[in-house]
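**Q** Fold the following for me, if possible:
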Amino acid sequence: MRAAALDEAAGRAPLRFLAQQLKVHHSAADEAGERGEVPLSKPPSGQGEMVTMSNNFDIIGPPAPISPTQEDIELLYLDDDPMLCKAFERAARAQGLNITTASNPVEASALIKAKNFHVIAVDYRMPQMTGVSFLELHREALKDTYKLMVTGMCDFETVHAAINRAGVHRYVTKPWQRDELISAIHDASRHARLLIENRQLQRQLQLQNRELAAMNAGLHRLARERTLDVLNALVAALDYRDTETQWHSRRVALFARMIATQMGITGDQLQDIEVGAMLHDVGKIGISDTILLKPGTLTDEEWIEMKKHPELGFRLLAGIDFLDTARYIVLHHHERWDGGGYPHQLAGENICIGARIFALCDTLDAMTSDRPYRRGRPFHVALEEIVSQAGTQFDPTIVAAFCQIPQERWRQVIAFGHAQEHGVRGDALGWAAHEYDLLPELKETFTWLSALRQSSAL
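**A** Residues are numbered from 1 along each chain as shown. I've put the predicted structure just below:
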């Protein structure tokens, strides 16, 4: 199926068909996002349906929190008077609360360590310590607990200490009135229920946020995979459109990765450089065949048209977020270190580093590749030419990194790249993939196009 599609794109159908697919794939990804569709796994090419999941949290998200009832509220009452403990217990149970009583601070401390209480009510004056001191002692354990102070002392200093030192929410005076006590217990339980609901909602929100992040990541992968599939086909079609430079894009991408790695570049920046190098000539889709495939020297007017392809490629890749950096390599790939390039005559470090690396790789591949009118030159000849252009055509730092890679390694990689062009498979691909850690997209492209050539699809 892929072979037929590529054959159509490279031969019978205009190359613009492939460029249009970029818009189609991004539109499809956007529509999938609106519907909440995310691929859980990538199906084999041409097989199966996309497995999706909904973004309706009522269906797949965590269940809606169940509002706590009075029976869910745990209350602890501390008082050294057993009669008051029993009276408070009757009032709390009448309100449907689970209540535990303690007659001294030691007993209450053990209960707090063993159980989570939503409400605590303490007597102010006890033999061992005051209620304020007890609450201060357990401030951290009771930081989310509603606190009631039960006391016959309502002077300013006592109230001030209870509020500021112990975090007491409400006072109940002794001897209490039943209505006042019931009101205090009711307010405490309501506060506790709201706090429980709030925690449940926070947990649900965190789960939903994680699920949403996973969905967004899935959509990003979907858009990336589809876009790279089309771009790979587009690059392949462009390479096969120009019979003199078949496989050129993939070789310079591999060379660029080697030099960038030698320079200590890693992660996304390394991937951007490799992908940008592979896509460097994508703008040639907008150049007429009469110019692009002209066997003789171009006229001045034709050169003006040809020199538009970096900007055409830059605009073609606009709006593809993950290619936002790589597309500057496309724009700058014909600039020179000394400012003598095009389209903007940039010089030095005003040229993005990926394009500066590419410029050297482009020359290396051009000199070591066969052409209809000459054989590829030996590596040492290309090396001498590149070194001689350090500081003029090329960034001297990049030339130095290029020279630090052993010459024998360069010869092996160049041979590998040309072997792929001629349909060699098997050990060569496995060796290079292991030795140079090829990007999955690039590895797949080498394998795929080699298989197409072997099957005479192209």
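
**Q** got the domain boundaries for this protein?
**A** Here the domain assignment for the chain is 70-176, 242-454, based on automatic domain parsing.

**Q** The ones you listed into JSON lines, with extra columns for mean pLDDT and mean neighbour count?
**A** Bear in mind the C-beta positions are built from the backbone N, C-alpha and C, glycine included. JSON lines is the format used below for the domains of the chain (pLDDT from 0 to 100; neighbours: other Cβ atoms under 10 Å):
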{"stretch": "domain 70-176", "mean pLDDT": "83", "mean neighbour count": "17"}
{"stretch": "domain 242-454", "mean pLDDT": "84", "mean neighbour count": "18"}
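
**Q** Nearest approach to Asp229 belongs to which of these?
**A** Closest to Asp229 of these, according to Cβ to Cβ: domain 242-454, at 8.9 Å.

**Q** Run the chain-centre distance for the closest one.
**A** Mean-position distance between domain 242-454 and its chain equals 27 Å (Cα atoms, centre = their mean, to the nearest Å).

**Q** Using TSV, please lay out the domains of the chain together with distance to His220.
**A** Converted to TSV, the domains of the chain look like this (distance: least, Cβ to Cβ, whole Å):
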stretch	distance to His220
domain 70-176	38
domain 242-454	8
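
**Q** Quick one: closest of the ones you listed to His191.
**A** Taking these one by one with Cβ to Cβ, domain 70-176 is closest: 4.8 Å.

**Q** thinking again about what came up before, nearest to Arg210, out of the domains of the chain?
**A** domain 242-454 (21.9 Å).

**Q** ok, back up a step: can you tell which of the domains of the chain is closest to Ala217?
**A** Comparing the domains of the chain by Cβ to Cβ, domain 242-454 comes nearest, at 12.3 Å.

**Q** quick revisit: quick one, which of the domains of the chain is nearest to Leu219?
**A** Among those, the nearest to Leu219 by Cβ to Cβ is domain 242-454 (11.4 Å).

**Q** Buried residues, stretch 223-230. List them.
**A** Buried residues in stretch 223-230, counted by 16 or more other Cβ atoms under 10 Å: Ala223, Arg224, Arg226, Thr227, Leu228, Asp229, Val230.

**Q** For Phe322, see how far away the second one is.
**A** Pointing back at Arg224 there. 6 Å (Cβ to Cβ, to the nearest Å).

**Q** same deal with the fifth one?
**A** When Cβ to Cβ is the yardstick, Leu228 and Phe322 sit 9 Å from each other.

**Q** can you check the third one too?
**A** Remark: distance between Arg226 and Phe322 (Cβ to Cβ) = 12 Å.

**Q** so what pLDDT did the residue nearest in space to the middle of the chain get?
**A** Closest to where the C-alpha atoms of the chain average out (Cα atoms, centre = their mean) is Ala217, at 6.2 Å. At Ala217, the pLDDT value in this model is 83.

**Q** Can you tell me the element it falls in?
**A** helix 178-241 (DSSP states H and E).

**Q** now swap in Ile99 and tell me
**A** Here Ile99 is assigned to strand 98-102, by DSSP H and E.

**Q** How about Met149?
**A** Using DSSP H and E, Met149 sits within strand 146-151.

**Q** Walk me through which strands that strand pairs with, and which way each runs.
**A** Sheet pairing of strand 146-151 (DSSP bridges) gives strand 119-123 (parallel), strand 170-173 (parallel).

**Q** quick one: it to chain centroid distance?
**A** Put simply, strand 146-151 sits 50 Å off its chain's centre (Cα atoms, centre = their mean).

**Q** what's downstream of that strand, the next helix or strand?
**A** Downstream of strand 146-151, the first helix or strand assigned by DSSP H and E is helix 156-164.

**Q** Quick one: list the elements packing against that following helix.
**A** helix 131-137 (3 or more Cβ pairs under 8 Å, 6 or more residues apart in numbering; DSSP states H and E).

**Q** other SSEs contacting the helix it packs on?
**A** For helix 131-137, the packing partners by 3+ Cβ pairs under 8 Å, 6+ apart come out as helix 105-114, strand 119-123, strand 146-151, helix 156-164.

**Q** ok, now with 7 Å
**A** Here helix 131-137 touches strand 119-123, strand 146-151, going by 3 or more Cβ pairs under 7 Å, 6 or more residues apart in numbering; DSSP states H and E.

**Q** among the ones you listed, which is nearest Val381?
**A** The minimum distance between Val381 and the helices and strands packed on helix 131-137 falls on strand 146-151, with 84.6 Å, by Cβ to Cβ.

**Q** what residues does whichever strand or helix holds Val381 touch?
**A** In this assignment (DSSP H and E), Val381 forms part of helix 379-388. With Cβ atoms under 7 Å, 6 or more residues apart in numbering as the test, helix 379-388 has contacts from 360, 363-364, 367-368, 394, 399, 402-403, 407, 410-411, 414.

**Q** May I have it exported as CSV, CA atoms only?
**A** Provided in CSV are the C-alpha atoms of helix 379-388 (Å, rounded to 0.1, in the frame of the first residue of the first chain):
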residue,chain,number,x,y,z
PHE,A,379,36.7,10.9,1.6
HIS,A,380,40.1,12.4,2.0
VAL,A,381,39.5,14.8,-0.9
ALA,A,382,36.2,16.0,0.6
LEU,A,383,38.0,16.3,4.0
GLU,A,384,40.7,18.6,2.5
GLU,A,385,38.1,20.8,0.8
ILE,A,386,35.9,21.1,3.9
VAL,A,387,38.9,22.1,6.1
SER,A,388,40.0,24.7,3.5
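
**Q** how close does Ala359 sit to His280?
**A** To His280, Ala359 is 10 Å away according to Cβ to Cβ.

**Q** Distance of His186 relative to Pro310?
**A** Here His186 is placed at a distance of 75 Å from Pro310 (Cβ to Cβ).

**Q** just Thr227 next, same as before
**A** For Thr227 relative to Pro310 (Cβ to Cβ), the value is 20 Å.

**Q** Now the common contact residues for Ala359 and His280.
**A** Common contacts of Ala359 and His280 (Cβ under 7 Å, 6+ apart): His333.

**Q** Put the alpha carbons of the helix or strand Ile304 falls within into CSV.
**A** Using DSSP H and E, Ile304 sits in helix 300-306. Below are the C-alpha coordinates for helix 300-306, written out as CSV (Å, rounded to 0.1, in the frame of the first residue of the first chain):
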residue,chain,number,x,y,z
ASP,A,300,19.7,34.2,-14.1
GLU,A,301,15.9,34.2,-14.0
GLU,A,302,15.8,30.5,-13.3
TRP,A,303,18.3,30.9,-10.5
ILE,A,304,16.1,33.6,-8.9
GLU,A,305,13.3,31.1,-9.0
MET,A,306,15.4,28.2,-7.6
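
**Q** ok, Val235 touching Met278?
**A** Yes: using Cβ atoms under 7 Å, Val235 is in contact with Met278, at 6.0 Å.

**Q** Now for these two: what residues contact both?
**A** Applying Cβ under 7 Å, 6+ apart, one finds that Val235 and Met278 are jointly contacted by Ser249.

**Q** In contact with Ile329, which residues?
**A** Ile329 makes contact with Ile273, Gly276, Ala277, His280, Cys352, Gly354, Ala355, Phe358, according to Cβ under 7 Å, 6+ apart.
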